[in-house]
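J.: Got a predicted model here, sequence first, then my questions.
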Amino acid sequence: MKDNSKKGAALVMVACVSAFLAAFSLAMVYTSGLLLSRANRRLEQERSYQAAQSFAKVLDFELKKYNEVENALTAAPDDSFYRYVYKFLEGAYGEYDPEHPDETIFHYTSSNDTTGTEEYGKIRVVLYKETSREDDDSLTGEIMREDNNPQEIFNMTFQRYIFTVEVTATLNDISYSYSTEYSQSAAYDVSFSCNGVGITWKDNHWCRTGTDQEYIIGENEKVRYEFDNKKITRCTFDHIFAEEGGH
């Protein structure tokens, strides 16, 4: 009986140790799985961040590379991001309304397949704009006779819009957004007149519009100029700031 009692106690001890080892093993497996899951999640977060930031930088480059190009509006391809933004700003798209975001945020889609990859997830690009209020009086003015050179007028630009480009990269259930805000500077076609007569600056002197006949500005006369904000001759975009955020 004494031997049986010792054997029984040993069996109980072995069972307890086995149960402890099994529980410990399960705990280790769970901990390892949890750490691996967190590591995978961090990797997905990093991939989403890299994708959003990289795509935003590509769009930024595409937008600015025409800033110094002469006749950029015609030089840029129809399917370029530059032309898309120009049409978006100058078209009949409404201004951003925080109370109706779904109706005033617009999705950009490229002719190329840039929706994402299996490794980096899905890319979504949205744009929204706000008008930078310009005084209508700044579209017209006068040149004094002694300032008989309109070159400064030709170089004038107007900041009509401030707009945001937001890139969101989503991998599985993890998203990361990268927003960049820009200002648009536009140059417009300008016309000149003096005493109601249309004139044009040509070969460093004034001519009657449509002719080579020189027009002499009188001593007490002024040249009036007027910009047509429906006819853009040049359009550039300047980066204001970028804002990162994950969700």
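T.: Here it is on my side, so go on.
J.: Count the neighbours of residue 239 for me.
T.: Using other Cβ atoms under 10 Å, residue 239 has 12 other residues around it. Bear in mind the C-beta positions are built from the backbone N, C-alpha and C, glycine included.
J.: same deal with residue 70?
T.: Neighbour tally, residue 70, other Cβ under 10 Å: 8.
J.: For this protein, which segments count as helices?
T.: 2-64, 72-75, 81-90, 101-104, 151-154 (DSSP state H).
J.: Using PDB, write out the CA atom coordinates for the fourth one.
T.: If I follow you right, that is helix 101-104. The C-alpha coordinates for helix 101-104 follow below in PDB (Å, rounded to 0.1, in the frame of the first residue of the first chain):
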ATOM      1  CA  PRO A 101     -17.800  66.800 -47.400                       C
ATOM      2  CA  ASP A 102     -19.000  64.000 -49.600                       C
ATOM      3  CA  GLU A 103     -20.400  66.500 -52.100                       C
ATOM      4  CA  THR A 104     -17.400  68.800 -52.200                       C
END
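J.: Mind checking the pLDDT average for it?
T.: Average pLDDT, helix 101-104: 76.
J.: ditto for the second one
T.: Computed over helix 72-75, the mean pLDDT rounds to 82.
J.: mind listing what the closest residue to residue 184 other than its chain neighbours touches?
T.: Using Cβ to Cβ, 6 or more residues apart in numbering and skipping the chain neighbours, the partner closest in space to residue 184 is residue 161 (4.6 Å). Residue 161 makes contacts with 89, 129, 130, 131, 132, 183, 184, as judged by Cβ atoms under 8 Å, 6 or more residues apart in numbering.
J.: correct me, but the second one touches residue 91?
T.: In this case it means residue 129. No - applying Cβ atoms under 8 Å as the test, residue 129 and residue 91 come out as separate, 10.1 Å apart.
J.: who has more neighbours, the two?
T.: residue 129 (22 against 8).
J.: quick one: that one from residue 140, how far?
T.: The gap separating residue 129 from residue 140 is 25 Å, by Cβ to Cβ, to the nearest Å.
J.: do residue 125 as well
T.: Relative to residue 140, and taking Cβ to Cβ, residue 125 is found at 38 Å.
J.: Show me which of those two is the more surrounded one.
T.: residue 125 (21 against 11).
J.: Thank you, goodbye.
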